[in-house]
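S.K.: Structure here, sequence nowhere to be found:
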């Protein structure tokens with residue numbers, strides 16, 4: 001991965017640079033999955049969080065759960081979820097926009113006073129496209145995309161995952177794994193708006 005490619009992962013479509021990582025342990029809760037699928041999601045969370053040398057927690061002192069992942073069939077189901085509108089302002093208009101766009105996933109981050117991630121809401125509408133994705137692949141992809149504030153264009157051209165030719169197993173791309181480890185280096189700040197931060201990340205990747 002070149003410094004330019006790394007910078008692009010955090011440069012949004014309006015050309016602004018924004019980086020943020022979690023500033024607290026991640027306390028997840030998952031809605032709408034079967035008992036068989038739940039261990040797959042938990043396993044992906046544990047693996048990626050351990051890779052980044054971050055922490056999981058049973059509860060968050062402020063929010064209870066701070067990573068909420070919702071699986072559903074229709075966007076309208078969100079407006080019927082009790083108290084969700086209290087956590088996500090303008091939920092109704094958001095659902096309308098997502099329905100009109102035919103979106104099958106959406107992610108919302110909340111930040112603390114230092115700019116670090118303090119909460120993330122992940123919404124997955126299980127249409128034919130997402131339903132065809134193996135559970136392990138979907139879980140790993142969603143966890144990786146929830147670990148950092150990536151650009152809105154970060155993975156349009158290249159997935160953060162790769163398939164091992166010999167086994168067919170889906171894994172995290174090595175350079176993305178190295179980036180996650182660098183991003184959670186305690187020496188670096190938890191958030192940044194200057195593109196020079198990408199060069200610091202790149203330098204850390206070379207030493208890990």
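M.R.: Here it is on my side, so go on. Treat the numbers as computed from the prediction; the structure is a model and nothing was measured.
S.K.: Find the residue at the geometric middle of the protein.
M.R.: residue 146 (1.3 Å; C-alpha atoms, centre = their mean).
S.K.: That one contacts residue 119, correct?
M.R.: No: the pair residue 146 / residue 119 is not scored as a contact, 10.4 Å apart, by C-beta atoms under 8 Å. For the C-beta atoms, the positions are set from N, CA and C on the backbone; glycine is no exception.
S.K.: Would you mind listing the residues touching both of these two?
M.R.: With contacts taken as C-beta atoms under 8 Å, 6 or more residues apart in numbering, residue 146 and residue 119 have residue 67 as neighbours in common.
S.K.: on contacts alone, who are the packing partners of the longest strand seen in the chain?
M.R.: Selection of the longest strand in the chain by residue count, based on DSSP state E, yields strand 117-125. For strand 117-125, the packing partners by 3 or more C-beta pairs under 8 Å, 6 or more residues apart in numbering; DSSP states H and E come out as strand 67-72, strand 105-111, helix 135-147.
S.K.: make it 10 Å
M.R.: If contacts are counted by 3 or more C-beta pairs under 10 Å, 6 or more residues apart in numbering; DSSP states H and E, strand 117-125 sits against strand 28-31, strand 67-72, helix 76-79, helix 84-87, helix 91-101, strand 105-111, helix 135-147.
S.K.: Buried by neighbour count: which residues of the helix or strand bottoming out on mean pLDDT in the chain qualify?
M.R.: Sorting the helices and strands of the chain by mean pLDDT, DSSP states H and E puts helix 84-87 at the bottom, at a mean of 87. Judged by neighbour count (16 or more other C-beta atoms under 10 Å), helix 84-87 contains these buried residues: residue 84.
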